[in-house]
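Trainee: Return a 3D structure for these sequence lines:
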Amino acid sequence: MTQLYLFLGPTLPGFEGPADIRVLPPVVAGDLLRLPLREGDVVGIVDGYFHQQLSVRHKEILAVMDRGVHVLGSSSMGALRAAELDVFGMHGVGQVYTDYRAGRTEGDDEVALRHGPPESGYRAMSVPLVNMRATFAAAHQSGVCDRESADRIVEALRSVPYAQRTYRLLPSLADEVDCSQQELAELEAFCVRHPVDVKRADALELIERMRQPEREPARRPGMNRTVHLVDWELAARGRALTDQDALPYPAPGDLDALRVLQLFSAAYPAFLHEERLSWIAEECTEQCGTSTAPTGHAAAAIAHSGHRGVFDVDGDLGFLDDWLTASERAGGDPQEKARLFLARSFQIRPGVAWEEPLLDRLQHTPGFAHASAIAQASHEVETERVRRDPAYSHALLPLEPIRELLTALWGSTEQDADIQALDRGFGSLKEAAEAARPFYLIVHCGADLGELSDFSAISILTRGKSA
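Mentor: Have a look, this model is predicted:
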């Protein structure tokens, strides 16, 4: 069954749409990727944030369109994106879109307004310039002002920040627009009594268009899955879009759970080593035609290093010392040193997100479920802290106590902490500490980390030819 989604806010405050449309808050970056969209679904974009959070990206819209999803835009952010992307198949609706497309309207700020939070019904505190322009045209038709004066007023309002644009401002523009204060007071009174809301009309037209039952197949723009898009998709993975997401911290997703495992699971280093060695072994199977079955992933990976001329395990391995702890350097097993070096130095090929295959492997395990619970609890703590103190941000937490917490949990010395960070997929202890900031408070207060090491369900998954 076709699903209809509508991103809406101050353009239609208090709107309660038809039961077949799921109404969501103004769109932000990542929201489209968080929806469970399927071919034939319909997304309508009316409103979108651009100061509080990142604006919805063009590439996200193209990505969901490439899945066969119909995307329509009108009124505000939707009209802007439609004017920019209609050549790729996004559908623009209404007068605001038409004016942007024709170049009659140019500035992004012309559709912007200041408004209250969702709980206020997005109460408007300013008037979008596109609505003011339409209202001045109606005033001209009614003989309240001439066209030249209306044009001068619009030009003067362009230099006023969008959040300050209201009809009450008109009398103060008298000198700038060469009109008397009396004339502008009369124009103000007309605008207050007879406002023209072109954005509202366009939004209502979009809603009607969304509900039209017969549709041609969506036009797929055809696009490359870039590194940035992969990163955005990963950030959205497992992060359900709710009707009221908390700012500035959206609900946690799979990537947050993976970070919890990376940072705090005692079993994660061994798991990551085995995964990385298996990737190298698989490459050897594909490129060299060898089999990993008789020897295992570690031996196959070491052999592949010889095939590729990286190093000879029977040669001088002194260069590996920088990748080993003091006790590991003192050991005499060259195979073990080589294994540790390969697992710690491995870099997945450019253009591939290393988190993706790990999430595929881990997401059905009890340990991952527990990590998700810790991520959710951390999110609730962070949200409550912001509610009590809007100036709070975990980005302001000092790194030193976080570094101390991690080294204690890892059982590491200060000298070997950077090496142990490599075992968890981080470039350094500092990088790990920065990643741990969102989870520091709840872990510091005694969160149960024991269950994070339960990867028992992982054996039921398949890895492909090297399993």
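
Trainee: how about low-confidence regions in this protein?
Mentor: 214, 242-250, 291-295, 349-352, 459-467 (pLDDT under 70).

Trainee: And it, what are its domain boundaries?
Mentor: 4-114+200-227, 129-194, 251-467 (automatic domain parsing).

Trainee: Show residues contacting stretch 275-293.
Mentor: 297-298, 300-301, 303-305, 307, 339, 342-343, 346, 348, 357-358, 361, 463-466 (CB atoms under 8 Å, 6 or more residues apart in numbering). Every residue, glycine included, has its C-beta placed from N, CA and C.

Trainee: Which one, of the domains of the chain, ends up nearest to Leu241?
Mentor: Comparing the domains of the chain against Leu241 with CB to CB, the closest turns out to be domain 4-114+200-227 (4.1 Å).

Trainee: Indicate which one of the domains of the chain is closest to Tyr122.
Mentor: Among those, if distance is taken as CB to CB, the winner is domain 4-114+200-227, at 3.8 Å.

Trainee: Would you mind giving both backbone torsions of the closest residue to Ser265 other than its chain neighbours?
Mentor: Spatial nearest neighbour of Ser265, chain neighbours left out: Leu452 (3.9 Å); criterion: CB to CB, 6 or more residues apart in numbering. Taking degrees, to the nearest 10, you get phi -70, psi -20 for the backbone angles of Leu452.

Trainee: now swap in Val23 and tell me
Mentor: Torsion angles, degrees, to the nearest 10, at Val23: phi -90, psi 130.

Trainee: Contacts only, for it.
Mentor: Leu6, Leu8, Phe15, Glu16, Gly17, Asp243.

Trainee: ok, back up a step: give the full set of residues in contact with the residue nearest to Ser265.
Mentor: Here Leu452 is in contact with Val260, Leu261, Phe264, Ser265, Ala266, Ala267, Tyr268, Gly367, His370, Ala371, Ile374 (CB under 8 Å, 6+ apart).

Trainee: Can you tell me which of the contacts of stretch 275-293 are buried?
Mentor: 297-298, 300-301, 303-305, 339, 342-343, 346, 358, 361, 466 (16 or more other CB atoms under 10 Å).

Trainee: Go through those and flag which are in helices.
Mentor: Members of these lying in helices (criterion: DSSP state H): His297, Ala298, Ala300, Ala301, Ala303, His304, Ser305, Arg339, Leu342, Ala343, Leu358, Arg361.

Trainee: State the distance from Leu277 to Phe311.
Mentor: From Leu277 across to Phe311, the span is 15 Å (CB to CB, to the nearest Å).

Trainee: who has more neighbours, these two?
Mentor: Neighbours per residue (other CB atoms under 10 Å) separate Leu277 from Phe311, with Leu277 holding more: 24 against 17.

Trainee: Quickly find the element holding the more buried one.
Mentor: helix 268-288 (DSSP states H and E).

Trainee: Just want the angle from the longest helix along the chain to helix 268-288.
Mentor: Identified as the longest helix of the chain according to DSSP H is helix 366-388. Relative orientation of helix 366-388 versus helix 268-288 (axes from the mean of the first three to the mean of the last three CA atoms, to 10 degrees): 120 degrees.

Trainee: Can you name every helix or strand that helix 366-388 contacts?
Mentor: helix 254-264, helix 440-444 (3 or more CB pairs under 8 Å, 6 or more residues apart in numbering; DSSP states H and E).

Trainee: Buried residues, that helix. List them.
Mentor: 367-375, 377-379, 381-382, 386.

Trainee: now it against helix 254-264, angle please.
Mentor: Using the same axes, to 10 degrees: helix 366-388 against helix 254-264 is 100 degrees.

Trainee: CA atoms of helix 366-388 as CSV?
Mentor: Extracted in CSV, the C-alpha atoms of helix 366-388 (Å, rounded to 0.1, in the frame of the first residue of the first chain):
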residue,chain,number,x,y,z
PRO,A,366,22.2,-9.7,22.3
GLY,A,367,25.3,-7.5,22.8
PHE,A,368,24.0,-5.1,20.1
ALA,A,369,20.6,-5.0,21.7
HIS,A,370,22.1,-4.1,25.0
ALA,A,371,24.3,-1.4,23.3
SER,A,372,21.2,0.0,21.7
ALA,A,373,19.6,0.2,25.2
ILE,A,374,22.6,2.1,26.6
ALA,A,375,22.6,4.5,23.6
GLN,A,376,18.9,5.1,24.2
ALA,A,377,19.5,5.7,27.9
SER,A,378,22.3,8.1,27.1
HIS,A,379,20.0,10.0,24.7
GLU,A,380,17.4,10.4,27.5
VAL,A,381,20.0,11.7,29.9
GLU,A,382,21.4,14.2,27.3
THR,A,383,17.9,15.4,26.4
GLU,A,384,17.0,15.9,30.1
ARG,A,385,20.3,17.8,30.7
VAL,A,386,19.5,20.1,27.8
ARG,A,387,15.9,20.6,29.1
ARG,A,388,17.3,21.7,32.5
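
Trainee: how distant is it from the center of its chain?
Mentor: 18 Å (CA atoms, centre = their mean, to the nearest Å).

Trainee: before we move on, the earlier item: can you lay out the domains of the chain as TSV showing distance to Arg237?
Mentor: What follows is these, written out as TSV (distance: least, CB to CB, whole Å):
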stretch	distance to Arg237
domain 4-114+200-227	8
domain 129-194	35
domain 251-467	4
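
Trainee: Nearest to Arg123, out of the ones you listed?
Mentor: domain 4-114+200-227 (6.8 Å).

Trainee: show me what contacts Ala63?
Mentor: Counted by CB under 8 Å, 6+ apart, Ala63 has contacts Leu32, Leu33, Met223, Arg225, Leu229, Glu233.

Trainee: now with 6 Å?
Mentor: Leu229 (CB atoms under 6 Å, 6 or more residues apart in numbering).

Trainee: now do the one 3 residues further on
Mentor: Remark: with contacts taken as CB under 6 Å, 6+ apart, Asp66 is in contact with Arg220, Pro221, Met223.

Trainee: separation between the residue lying closest to the second one once chain neighbours are set aside and Ala303?
Mentor: Closest residue to Pro221 apart from its sequence neighbours, by CB to CB, 6+ apart: Phe88 at 4.1 Å. Using CB to CB, Phe88 is found at 48 Å from Ala303.

Trainee: just Arg211 next, same as before
Mentor: Look at Arg211 and Ala303: by CB to CB, they are 62 Å apart.

Trainee: And the contacts of Leu452, which is closest to Ala395?
Mentor: Using CB to CB, the contacts of Leu452 come closest to Ala395 at Val260, 18.1 Å.

Trainee: does that closest one really touch Ile374, like I thought?
Mentor: Yes: between Val260 and Ile374 there is a contact at 5.1 Å, judged by CB atoms under 6 Å.

Trainee: if we can go back for a sec, tell me which of the domains of the chain sits most buried.
Mentor: domain 4-114+200-227 (a mean of 19; mean count of other CB atoms under 10 Å).
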